[in-house]
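Engineer: Got a sequence here, can you build the structure:
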Amino acid sequence: MNKPIPEKLSSQIDAGVKLAIAKAIERHRRLGESISIWQDGQVVTLTADQIPPVDSTVSHSE
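Structural biologist: Numbering: from 1, shown residues only. From the prediction side, this is the model:
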């Protein structure tokens with residue numbers, strides 16, 4: 001049977017996924033690439049200029 005994931009592990013996974021997403025978005029912004037997001041019930045494409053800079057706590061190394 002499937003055992004529940006311990007709370008600490010699920011928190012670490014969640015933090016890792018959020019960090020990876022933030023790095024990917026920042027990479028798109030720096031390279032001048034657009035991204036598409038879900039906003040107010042529809043898909044919206046943002047140009048690189050419209051992507052807000054990432055929080056300074058996210059590492060830029062890839």
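
Engineer: The residue most central in space within the chain and Gln42, how far apart?
Structural biologist: Centroid check for the chain by C-alpha atoms, centre = their mean gives Ile21 as the closest residue, at 2.0 Å. For Ile21, the distance to Gln42 equals 20 Å [C-beta to C-beta, to the nearest Å]. C-betas here are computed from N, CA, C, even on glycine.

Engineer: got it, and Ser36?
Structural biologist: With distances taken as C-beta to C-beta, Ser36 is found 10 Å from Gln42.

Engineer: ok, now Lys18?
Structural biologist: Distance, Lys18 to Gln42, by C-beta to C-beta: 23 Å.

Engineer: Then Ala20?
Structural biologist: Going from Ala20 to Gln42 by C-beta to C-beta gives 25 Å.

Engineer: Which residue, other than its chain neighbours, is closest to Val44?
Structural biologist: The shortest distance from Val44 to any non-neighbouring residue, by C-beta to C-beta, 6 or more residues apart in numbering, is to Ile37 (5.7 Å).

Engineer: let me redo that: Asp55
Structural biologist: Spatial nearest neighbour of Asp55, chain neighbours left out: Ala22 (7.2 Å); criterion: C-beta to C-beta, 6+ apart.

Engineer: Quick one: mean pLDDT over the helix or strand where the one you found lies.
Structural biologist: For Ala22, the host element (DSSP states H and E) is helix 7-31. Average pLDDT, helix 7-31: 92.
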